[in-house]
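1. Sequence and predicted model, in that order:
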Amino acid sequence: MNIELLNKSDKFLLEVDDIAKLLSVTKASAIVEASRYSKRGSLIRLKRGLFIVPSKFNSLPEDKLFQIANFLQPPSYVSLTTALSYYEITTQQQQNFIESIALKRTKEFTISNIVFTFTLVKKEFYFGFEPKGNFFIATPEKALADAVYLSALGKYNCDFAAVDFKKVNIKTVEAYLEKTNKKTKEFWDKLCKSYKI
């Protein structure tokens with residue numbers, strides 16, 4: 001069966017050209033085959049022209065899932081509680097849930113059993129992230145600043161009681177928050193008093 005050839009690929013993500021090469025067919029035929037396999041559930045279509053074999057998707061490590069998050073909606077970077085958990089700054093664990101900050105739109109994708117969320121922020125607040133291997137993720141301070149900013153606006157619900165504020169540079173967080181608004185700064189002041197930051 002042709003799908004077995006796709007399973008044997010060294011690549012964890014398959015583009016149409018990869019499928020054509022693996023199946024020894026034309027690109028046009030590969031598009032048809034990929035569509036057929038996707039409908040059967042033998043392939044997962046992540047976005048136009050990008051696929052993954054279900055068995056590989058279901059056993060992906062965290063860094064590969066973060067890479068997929070970046071691919072699903074560029075430009076974006078992993079942030080919020082997902083990033084805080086990655087840096088071991090929060091004890092709040094999110095199973096099968098990956099959060100990102102995006103520049104185009106707020107959107108949610110559910111692929112297999114994994115939920116990928118993208119929250120839109122203003123262009124002037126889209127910064128403070130860095131590459132880690134093959135994915136982009138917020139710095140610890142920006143992940144916290146994103147959570148504070150969106151929580152202040154009522155667009156996010158972060159369990160700040162689970163956050164270890166000693167693991168971040170508070171001055172850097174505050175410098176980031178200076179780029180937001182009065183409501184966010186007031187929300188941060190209340191957090192500082194509540195958690196004696």
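-> Arrived safely, thanks for sending.

2. The closest residue to Phe109 other than its chain neighbours pairs with what?
-> Using C-beta to C-beta, 6 or more residues apart in numbering and skipping the chain neighbours, the partner closest in space to Phe109 is Phe116 (4.5 Å). In short, each C-beta sits where N, CA and C put it, glycine included. On the basis of DSSP bridges, Phe116 is bridged to Ile98, Phe109.

3. how close does Phe116 get to Val25?
-> 30 Å (C-beta to C-beta, to the nearest Å).

4. and what of Ala138?
-> Taking C-beta to C-beta, one finds Ala138 at 41 Å from Val25.

5. Please say which of those two ends up with more neighbours.
-> Ala138 (28 against 15; other C-beta atoms under 10 Å).

6. What is the burial count for the residue nearest to Arg45 when sequence neighbours are not counted?
-> Of all residues not flanking Arg45 in the chain, Ser38 sits nearest, at 4.5 Å (C-beta to C-beta, 6+ apart). Counted with other C-beta under 10 Å, the neighbours of Ser38 add up to 13.

7. any idea which element Ser38 lies in?
-> helix 27-40 (DSSP states H and E).

8. contacts for that helix?
-> Identification of contacts with helix 27-40 by C-beta atoms under 8 Å, 6 or more residues apart in numbering yields 2-3, 6, 16-17, 19-20, 23, 25, 43-45, 51.

9. Which members of those residues are classed as buried?
-> 6, 16, 19-20, 23, 43-44, 51 (16 or more other C-beta atoms under 10 Å).

10. Could you tell me which of those are located in helices?
-> 6, 16, 19-20, 23 (DSSP state H).

11. got the end-to-end distance for stretch 91-105?
-> 29 Å (C-alpha to C-alpha, to the nearest Å).

12. can you list contacts of it?
-> 65-66, 69-70, 73, 75-85, 113-121, 123, 126, 129, 138, 146, 159, 162-164.

13. Now do the contacts for Asn169.
-> Counted by C-beta under 8 Å, 6+ apart, Asn169 has contacts 140-141.

14. so the closest residue to Tyr176 other than its chain neighbours is in which element?
-> Nearest residue to Tyr176, sequence neighbours excluded (C-beta to C-beta, 6+ apart): Ala145, at 3.9 Å. According to DSSP H and E, Ala145 maps onto helix 140-152.

15. one step back: so who does the residue nearest to Phe109 touch?
-> Here Phe116 is in contact with 68-69, 72, 98, 100, 108-110 (C-beta under 8 Å, 6+ apart).

16. per-residue confidence for it?
-> Looking at Phe116, its pLDDT is 98.

17. Same question for Leu23.
-> The model's pLDDT for Leu23 equals 92.

18. contacts for the helix holding Ala145?
-> 79-81, 83-84, 87, 89, 101, 119, 121, 125, 127-129, 137-138, 156-158, 160, 163, 165, 167-169, 172-173, 176-177, 180, 183-184, 186-188, 191.

19. Just those: which are in helices?
-> Those of the contacts of helix 140-152 lying in helices (DSSP H): 80-81, 83-84, 172-173, 176-177, 183-184, 186-188, 191.
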